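J.: Sequence plus the predicted model coming up.
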Amino acid sequence: MDSESLSTTPGVDDTPYIRFAIDQLTRDEEVRGSRKYPAAGRGSSTQDYPVQPLIPQEPVGYVPQNPTYDVPERNPSRPPPPEPLNVQQRDIFVPYHPQTKSVQFPALRFLPSILRPLWLAIFTFLCILMITGMIVSAVWSDTYSGLLDYGSLGDGRYFLFQYLPTIFGMIILMWLHQIAAAVQRISPFMALADDASKPRSEGVFLDLFPTQFLYPTLQHFRAGQPLIGIFFVISWIFLFSIPLLGSAYNVRFYGDLRNGTWRWLAVQGVIWTVVVLYFVLIAGILLLYVQLRKPTGLKWDPRSIADYAALLERSNVVGDYNDTEILEDAEDFRERLASRTDRLGYWNTSRRPNDIFYGIGEPGGGTRRYTVVQGRIREKQDFAPDDADLEAGRPGDIRMDIRAEAVRRRYLPWFLTDSYVVGWLVSASVLYLAFLIVSFVHNAVIDGFRPLVPVAANPAGFSSSNFLYSFLPILLTMFLYLFFQTLDLAFRRLAPFEALSNPGGASAEVSILLDYSARLPISVTLTAVANHHWRVAFFSFMSFTNALTLPVLASGLFFTQYYPDDGELRVAAHPAAYYALCVFLAFYLVGLFMLIRGRSNMALPHESRNLAEMISWLYQSRMLTDRAFSRPATKAELVARLMGPVYLDQGFGRSWRSLVMPGAGGSKTNLRAAAAKQQKEQNEIAASFSMPGPIGSGSSRRDPRGQYFPGQQHEESADLRAAAIEKRRSLLDPGSIMYGFGVHWGRDGREHLGIDRVQRGEARMMHFD
């Protein structure tokens, strides 16, 4: 056994430790010092097996609960039997389906608030109001020769017919994008919870985050989710409702030349096209509602890295992800994982039918297996390389592939790479400068220009001039908005990795609990400011501002006017809107220049947009064995374990910052209850860690089970002291634990690249500066 293990304390019987190690060699089950298992079928005796003393320098989130294990009677003098070869004797995962709904096993039907029937009904009601308003205006205009008399360019009626419809349309569009983001977030887990094998095989390849809205998302058709696929196609088609709304009203002259008047009227063809688009959108919402009636497989909203880690705590699929952290693209993942049909739900095992747990697993797959090497517990790997040396720190474990800078910073979204960023800046600068020159030299735009297309409106209200110079500017500004939104979404989903890549790491609150991709526009900006993530705050605020300014201003930017002094019709710009548009385009350009610096910390070996790619950063992380991820019943409990009960006592700044609580896994009441539970456990832990003397002194020392060991007469080793301090800090002040992204020692004793604590005992993660 390891000479530094607590089991070598003089005067203490080491037999329980040795028996524990031998038992692990012959039994395929999880090592969990915080669990209690029911009795096995054979005759057995109950024995406490302290897991933590075997690996003092590598705390695994031990929870002192006096665990009990069932150990078959053995002759200690006999060598351990070989591992059973009969597959029926292996401990395998068995799907568990609770017969009744209970607090212990809630139904796996969680939906984010925005996808629940009430909010979908409110959204549908707003769409019906828009439809009603457009139909009434179209019928009234056709029946009574227009709606209102035309006043002047830029007056109240001009705002009513040129700007207000686009404002309402953009509000509905932004709400629709939030619905789409929530659907995108839960659809991979819905696929994994499906009874059919096809959706489950594709679930890990579905995007976890919305990445763009410039073109339709079609991946759900391949994943056996056609209703969701149709919804996303409809959502993309609905984008064209915005330029159509900006072109929905026109002006026409009624009466004779002496007594006639200009009147606002509805453009019949455009109005009815928009009505059809809104009806199609409502149909898409209804299809989505039908899809959401199926089980989602979720206990809470999966919004952050911590949520994904909680699903892997006892998962038996992580072994198939060996070395996936260095894969390059999605096709490599498909080649490795194409035949898998993993499932999300409740499980038990063939040997422990009463031990019910929740997570991602493979039906019929074996549980994770462990061995003891050099006195330390190591997880067995089915795909371990032949030259792997399981003894930590040996040269065979030093992996140059994951230490290479070229591998570590190999991937950025294509639009954030150096060449494209330079292209965006040059193109945007040239176009903006040309825009200003054309606009203000000789007041060409303000004084008006010839339309070059037919101007007169027909009885249905359509004018080629007004339609062209309304539809085209809105279409261009919509493209600008959606492109900037793509940048915003990229920074949101990469922000946790940027924080984790800092040399000192980051706390859970600003790294593995970050949920920028799932937050509402205002919420993400406020949270990013509080976290000092200035770029995320700027881009999220500018994306929200662009949505409410660029398309709206463009909708009333140009309008055909009659100039009696010259006796001609010209297209003139609304000066107030034009000047405002120039200012907001300048802000847009400034935002693009912020792409120049600070992108290197966001670079990863490969993309991190789907569950398979996320698991590649977590599959060997010892973070999965930490107490925080051991069977959290709610998201509130997970947050309380990671941040501690003091999280709720940090004043008003914490509440306004969390317009949606971290992870939005429950109400504030639930979070307070979890924090109270956490505080109680911490008090018990503090009592169990009480020492007559300081760490490293010659006085007696107490182990987590409450038993005293005789004091050692020599000074304890540095790594043992560090391990004890680290463990005490992780239990009493979890919010101070730093997490990072870099090279760390995995549960198999080898180096891996991914997410873990920055420091465990004397072992420290290798970051890339």
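T.: Arrived safely, thanks for sending. None of the values given here were measured: they were computed from a predicted structure.
J.: Can you tell me what sits against stretch 192-205?
T.: The contact list for stretch 192-205, computed with Cβ atoms under 8 Å, 6 or more residues apart in numbering, reads 108, 188-191, 219, 222-225, 294-298, 330, 333-334, 337-345, 360, 610-612, 615. In short, each C-beta sits where N, CA and C put it, glycine included.
J.: Out of the residues you listed, which end up buried?
T.: 108, 188-191, 219, 223-225, 295-298, 333, 337, 340-345, 360, 610-612, 615 (16 or more other Cβ atoms under 10 Å).
J.: Narrow the contacts of stretch 192-205 to those in helices?
T.: 188-191, 219, 222, 330, 333-334, 337, 611-612, 615 (DSSP state H).
J.: between those, which is nearest residue 545?
T.: Nearest to residue 545 among the ones in helices among the contacts of stretch 192-205, counting by Cβ to Cβ, is residue 219 at 30.2 Å.
J.: and the nearest residue to that closest one once chain neighbours are set aside, what pLDDT?
T.: The shortest distance from residue 219 to any non-neighbouring residue, by Cβ to Cβ, 6 or more residues apart in numbering, is to residue 206 (6.0 Å). Per-residue pLDDT puts residue 206 at 96.
J.: Residue 332 now?
T.: At residue 332, the model reports a pLDDT of 92.
J.: now the one 10 residues further on
T.: At residue 342, the predicted lDDT confidence score is 94.
J.: That one touches residue 362, doesn't it?
T.: Yes: using Cβ atoms under 8 Å, residue 342 is in contact with residue 362, at 5.5 Å.
J.: Mind listing the shared neighbours of the two?
T.: residue 317.
J.: State the distance from residue 620 to residue 513.
T.: Residue 620 sits 21 Å away from residue 513, taking Cβ to Cβ, to the nearest Å as the criterion.
J.: who has more neighbours, these two?
T.: Neighbour totals were compared for residue 620 and residue 513, and residue 620 leads with 29 against 22 (other Cβ atoms under 10 Å).
J.: List the contacts of the more buried one.
T.: Counting by Cβ under 8 Å, 6+ apart, residue 620 touches 318, 322, 379, 746-748, 750, 752, 754.
J.: again, but for residue 141
T.: Shown in contact with residue 141 (Cβ under 8 Å, 6+ apart): 147, 265-266, 268, 461.
J.: what are the phi and psi values for the residue lying closest to it once chain neighbours are set aside?
T.: Excluding its sequence neighbours, the residue lying closest to residue 141 (Cβ to Cβ, 6+ apart) is residue 266, at 4.0 Å. Phi and psi for residue 266, reported as degrees, to the nearest 10, are phi -80, psi 140.
J.: Over to residue 348?
T.: Given degrees, to the nearest 10, the pair of backbone angles that residue 348 has is phi -140, psi -180.
J.: Of the contacts of residue 620, which is the nearest to residue 173?
T.: residue 754 (37.4 Å).
J.: Tell me which helix or strand the residue lying closest to that closest one once chain neighbours are set aside sits in.
T.: Once flanking residues are discounted, residue 754 sits nearest to residue 617: 3.9 Å by Cβ to Cβ, 6+ apart. Using DSSP states H and E, residue 617 maps to helix 611-618.
J.: Equivalent analysis for residue 303, please.
T.: Counting by DSSP H and E, residue 303 is part of no helix or strand.
J.: If you tally nearby residues, what's the number for it?
T.: 26.
J.: Same check on the one 3 residues further on?
T.: When neighbours are counted by other Cβ under 10 Å, residue 306 registers 28.
J.: ok, the residue lying closest to it once chain neighbours are set aside to residue 751 distance?
T.: In space, and not counting its chain neighbours, residue 306 is closest to residue 512: 4.4 Å by Cβ to Cβ, 6+ apart. Distance of residue 512 to residue 751, given as Cβ to Cβ: 21 Å.
J.: And these two? Which one has more around it.
T.: residue 512 (23 against 20).
J.: Name the SS class of that one, please.
T.: coil (DSSP: H, G, I helix; E, B strand; the rest coil).
J.: Tell me which residues touch the closest residue to residue 621 other than its chain neighbours, please.
T.: Excluding the flanking residues, the one nearest residue 621 by Cβ to Cβ, 6+ apart is residue 756, at 4.6 Å. By Cβ under 8 Å, 6+ apart, the contact set of residue 756 is 621-623, 739-740, 744, 765.
J.: Most neighbours out of those, which is it?
T.: Neighbour-wise, the contacts of residue 756 (other Cβ under 10 Å) top out at residue 623, 27 neighbours.
J.: What sits closest to that one if chain neighbours are left out?
T.: residue 756 (5.1 Å).
J.: Tell me which helix or strand the one you found sits in.
T.: Element membership of residue 756, judged by DSSP H and E, is strand 751-757.
J.: for residue 228, same thing?
T.: helix 226-237.
J.: Export that helix to CSV, keeping only CA atoms.
T.: Output of helix 226-237 as CSV, limited to C-alpha atoms (Å, rounded to 0.1, in the frame of the first residue of the first chain):
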residue,chain,number,x,y,z
PRO,A,226,-39.4,15.7,-37.1
LEU,A,227,-41.8,18.0,-35.2
ILE,A,228,-38.9,19.9,-33.7
GLY,A,229,-37.3,20.0,-37.1
ILE,A,230,-40.5,21.5,-38.6
PHE,A,231,-40.6,24.1,-35.8
PHE,A,232,-37.1,25.2,-36.5
VAL,A,233,-37.8,25.5,-40.3
ILE,A,234,-40.9,27.6,-39.6
SER,A,235,-38.9,29.8,-37.1
TRP,A,236,-36.4,30.5,-39.9
ILE,A,237,-39.2,31.3,-42.5
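J.: Next SSE downstream of it?
T.: Criterion used, DSSP H and E; the element after helix 226-237 is helix 241-246.
J.: could you say what helices and strands the very next helix or strand once past that following helix packs with?
T.: Moving toward the C-terminus from helix 241-246, the next helix or strand (DSSP H and E) is strand 249-254. Judged by 3 or more Cβ pairs under 8 Å, 6 or more residues apart in numbering; DSSP states H and E, strand 249-254 is in contact with strand 261-266, helix 464-500.
J.: most tightly surrounded among the ones you listed?
T.: Comparing the helices and strands packed on strand 249-254 on average neighbours per residue, with mean count of other Cβ atoms under 10 Å, the densest one is helix 464-500 at a mean of 22.
J.: Run a quick neighbour tally on residue 134.
T.: 20.
J.: coming back round to it: and the contacts of residue 141, which two are furthest apart?
T.: Longest distance between any two of the contacts of residue 141 is 12.5 Å, between 147 and 268; criterion Cβ to Cβ.
J.: contacting residues for the residue nearest to residue 455 when sequence neighbours are not counted?
T.: Nearest residue to residue 455 in three dimensions, chain neighbours excluded: residue 465, at 4.5 Å (Cβ to Cβ, 6+ apart). The contact partners of residue 465, by Cβ under 8 Å, 6+ apart, come to 451, 453-455, 560, 569, 571.
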